[in-house]
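[1] The amino acid sequence is not available; the structure is as follows:
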């Protein structure tokens, strides 16, 4: 069996490693467009901000390690086309420009996603950056350390854009964030949570431009102003963080099923609509535990987990991925927030009969140093009281409590069961009734 994996970052490498452990005889071939494999892009904002300096810490495996394990690896090779009828690939060697063909028995597509380039004039100016690849990170890290760069404009208020805020502020920069929507992280958190996060940004002198459509950049050679429909704001550096688009244009010649944004639709085994072709990672959908249909949630956690499942199935098994809860989190200056399961907006769009509760309590006792407010939102079925979603925000211990809610939702606990859940108590960590118990009750 010749098994080819297109993409060697998160999902692709998880699949390749699992497959090689299960099947020592199969030919395992990986084509990766970039010079890197097993690269953790989630670390980029912190590398840029100087929270660590060795970029190799973002690499789980080197090409040499993968080759030594018996994987046939080709870096800086781009797959231009998949021809399902003949089970062949057209591949370009990016170093030499030569084009070749290869044949597969089974194929996995794990090509990830790329930064969306919005319809803004003059994006070609020299001090305009994205933050998706290792080379992006190195370039932006160097640029932010130039003494003449004092004002940073970030277009987009999703995870990458907001994590870059902390990086820029850590380097002493003035920061302005431009968001097309009326609030930050609108697709992730409900309004009660984003209000608190926006207040944290403003408390750290981050200029927040909401409902702000950026139309152009201005400058001679370098961007000196970000232009919105209403005003011009001076900047020394621009970061585009307006979301990602699945890297699936090379499949346009096939009839593989995709969402409108290009994400490949997969089932619980990672199978696509093409026979013998699997997909996982940011180029594909992921089964959702509560929605009952594939969802596009480009997270490293889901990519690695579904990638591992695909690796099992490439070896001849029929393992299934039960589904994601979309669990995700962010650290924003001195605050942290996490969410899992359905947001209220998602529950409403699904037509569910639901209720919510939002409480603010404390993370621990007042007589041990470090007590802070902790706010929790629960979304639950109005009739059965089974938990559907949860969000936690605060200055300390919010994200780990979100993990508790993820387990509770997976186990289909009710609000009453959550209220009586036996959680750890000691003065430095919680109060006798944990904030999660309070929310459930």
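    Received, thanks. From a predicted model like this one, the values you see are computed outputs, not experimental measurements.
[2] Surely residue 3 and residue 31 touch.
    No - checked against CB atoms under 8 Å, the pair residue 3 and residue 31 is beyond contact range at 12.0 Å. To be clear about C-beta, it is placed using only N, CA and C from the backbone, and glycine gets the same treatment.
[3] what's near enough to touch the residue most central in space within the chain?
    Taking CA atoms, centre = their mean, the centroid of the chain lies closest to residue 299, which sits 3.4 Å from it. Residue 299 is in contact with 324, 326, 328, counting by CB atoms under 8 Å, 6 or more residues apart in numbering.
[4] what's the closest non-adjacent residue to residue 32?
    Sequence neighbours aside, residue 8 is the residue nearest to residue 32 in space, at 3.6 Å (criterion: CB to CB, 6 or more residues apart in numbering).
[5] Number of residues surrounding the one you found?
    When neighbours are defined as other CB atoms under 10 Å, residue 8 has 30 of them.
[6] what ranges do the helices span in this protein?
    11-22, 44-48, 63-68, 134-144, 159-170, 191-203, 300-314, 344-349, 398-410, 415-419, 435-440 (DSSP state H).
[7] okay if I get those helices as a markdown table plus distance to residue 214?
    As requested, these are exported to a markdown table (distance: least, CB to CB, whole Å):
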| stretch | distance to residue 214 |
| --- | --- |
| helix 11-22 | 32 |
| helix 44-48 | 20 |
| helix 63-68 | 39 |
| helix 134-144 | 19 |
| helix 159-170 | 12 |
| helix 191-203 | 18 |
| helix 300-314 | 28 |
| helix 344-349 | 24 |
| helix 398-410 | 31 |
| helix 415-419 | 42 |
| helix 435-440 | 38 |
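[8] Quickly, which of those helices bottoms out on average pLDDT?
    Here the lowest mean pLDDT among these goes to helix 63-68, at a mean of 86.
[9] List the buried residues of that one.
    The neighbour-count check on helix 63-68 (16 or more other CB atoms under 10 Å) flags 63, 66 as buried.
[10] what's residue 257 in contact with, if anything?
    The neighbours of residue 257, taking CB under 8 Å, 6+ apart as the test, are 264, 265, 272, 273.
[11] Show me which of those residues are buried.
    264, 265, 272.
[12] Among these, pick out the one closest to residue 350, please.
    Of all those, residue 350 sits closest to residue 265, with 18.6 Å by CB to CB.
[13] and residue 308, how many neighbours does it have?
    Neighbours around residue 308, by other CB under 10 Å: 20.
[14] Oh, that last question was meant for residue 362, not what I typed.
    Number of residues near residue 362 (other CB under 10 Å) recorded here: 17.
[15] dump the residue contacts of it.
    By CB under 8 Å, 6+ apart, the contact set of residue 362 is 371, 372, 373, 374, 431, 435.
[16] Of these, just the buried ones, ChimeraX syntax please.
    In ChimeraX, a selection of the buried entries from the contacts of residue 362 looks like this (16+ other CB under 10 Å):
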select :371,374,431,435
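[17] Now render the contacts of residue 362 as CSV, adding distance to residue 196.
    Below are the contacts of residue 362 laid out as CSV (distance: CB to CB, whole Å):
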residue, distance to residue 196
371, 17
372, 12
373, 9
374, 11
431, 20
435, 15
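[18] In strands, which of the contacts of residue 362 appear?
    Those of the contacts of residue 362 mapping onto strands are 373, 374, per DSSP state E.
[19] Of the contacts of residue 362, just say which sits nearest to residue 419.
    residue 435 (11.3 Å).
[20] What degree of burial does the residue lying closest to the closest one once chain neighbours are set aside show, as a neighbour count?
    Of all residues not flanking residue 435 in the chain, residue 361 sits nearest, at 4.0 Å (CB to CB, 6+ apart). The tally of other residues near residue 361 (other CB under 10 Å) stands at 18.
[21] same deal with residue 56?
    Neighbourhood size, residue 56 [other CB under 10 Å]: 6.
[22] What residues does it make contact with?
    Counted by CB under 8 Å, 6+ apart, residue 56 has zero contacts.
[23] do you know how far it is from residue 62?
    From residue 56 across to residue 62, the span is 8 Å (CB to CB, to the nearest Å).
[24] same question, residue 206
    In this structure, residue 206 and residue 62 are 38 Å apart, going by CB to CB.
[25] Pick out whichever of these two has more residues nearby.
    The neighbour count for residue 206 versus residue 62, taken as other CB under 10 Å, is higher for residue 206 (22 against 13).
[26] Mind pulling up the pLDDT for the nearest residue to the more buried one once chain neighbours are set aside?
    Of all residues not flanking residue 206 in the chain, residue 175 sits nearest, at 5.0 Å (CB to CB, 6+ apart). At residue 175, the model reports a pLDDT of 98.
[27] for the protein, what helix or strand is lowest in average pLDDT?
    helix 63-68 (a mean of 86; mean pLDDT, DSSP states H and E).
[28] starting at the chain centroid, how far to that one?
    Put simply, helix 63-68 sits 26 Å off its chain's centre (CA atoms, centre = their mean, to the nearest Å).
[29] So which other helices or strands are in contact with it?
    On a contact count with 3 or more CB pairs under 8 Å, 6 or more residues apart in numbering; DSSP states H and E, helix 63-68 meets strand 72-75.
[30] Residues contacting the strand it packs on, please?
    8, 27-32, 34-37, 63, 66-67, 91, 93.
[31] likewise stretch 416-428?
    364-365, 367-368, 370, 378, 385, 387, 404, 408, 413, 430-432, 434, 436-441.
[32] quick one: residue 170 from residue 163, how far?
    Taking CB to CB, one finds residue 170 at 11 Å from residue 163.
[33] Between these two, tell me which one has more neighbours.
    More crowded of residue 170 and residue 163, by other CB under 10 Å: residue 163, with 21 against 16.
[34] Can you check which of the helices of the chain gets nearest to residue 338?
    Of all the helices of the chain, helix 398-410 comes closest under CB to CB, at 2.9 Å.
[35] Tell me which residues of the closest one come out buried.
    Buried, per 16+ other CB under 10 Å, within helix 398-410: 398, 399, 401, 402, 404, 405, 406, 408, 409, 410.
[36] Which other helices and strands does that helix contact?
    strand 328-332, strand 335-341, strand 373-381, strand 387-394, helix 435-440.
[37] Packed most tightly, which of those would that be?
    Highest mean neighbour count among the helices and strands packed on helix 398-410 (mean count of other CB atoms under 10 Å): strand 387-394, with a mean of 27.
[38] The residue of the chain positioned farthest from its centre and residue 318, how far apart?
    The C-alpha centroid of the chain is most remote from residue 367, which lies 38.0 Å away (CA atoms, centre = their mean). Residue 367 is 55 Å from residue 318, where distance means CB to CB.
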